[in-house]
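**Student:** what's the 3D shape of this:
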Amino acid sequence: MSGLLVRLAIIVASLMAVAFVISIVLLVLAEADADNSAYGYLALFLWFGIVAAIPVLLALAIPGVVMTRRARRQGGRRDH
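**Tutor:** Residues are numbered from 1 along each chain as shown. Okay, here's the model as predicted:
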């Protein structure tokens, strides 16, 4: 279960990074020409999505890391 949470956190973080890069590209396009000003609003929409995804990222990453650490710590003490 902890591995799944960590993998999902990595996926969410990757999507956030891609959204950030796309938003920068959209801002550059919006600044290049006044007719493309709608791209700036799309970039802003992506930023809202990134901000909304931060709690999801934390909700996945923190329990996943805690569970992984506990499993590793208890794994050395168990008698099979």
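**Student:** what's next to stretch 51-69, contact-wise?
**Tutor:** 1, 2, 3, 4, 5, 6, 8, 9, 12, 13, 15, 16 (CB atoms under 8 Å, 6 or more residues apart in numbering). C-beta coordinates here come from the backbone N, C-alpha and C atoms, glycine included.
**Student:** Any figure for the gap between the closest residue to residue 19 other than its chain neighbours and residue 55?
**Tutor:** For residue 19, ignoring the flanking residues on the chain, the nearest one in space by CB to CB, 6 or more residues apart in numbering is residue 46 at 4.8 Å. Going from residue 46 to residue 55 by CB to CB, to the nearest Å gives 17 Å.
**Student:** neighbour count winner among these two?
**Tutor:** Higher neighbour count among residue 46 and residue 55: residue 46, with 20 against 9, using other CB atoms under 10 Å.
**Student:** Buried ones in the helix or strand where that one lies, by neighbour count?
**Tutor:** Assigned by DSSP states H and E, residue 46 belongs to helix 38-75. Residues 39, 40, 43, 46, 57, 60, 61, 64, 67 are the ones in helix 38-75 that count as buried (16 or more other CB atoms under 10 Å).
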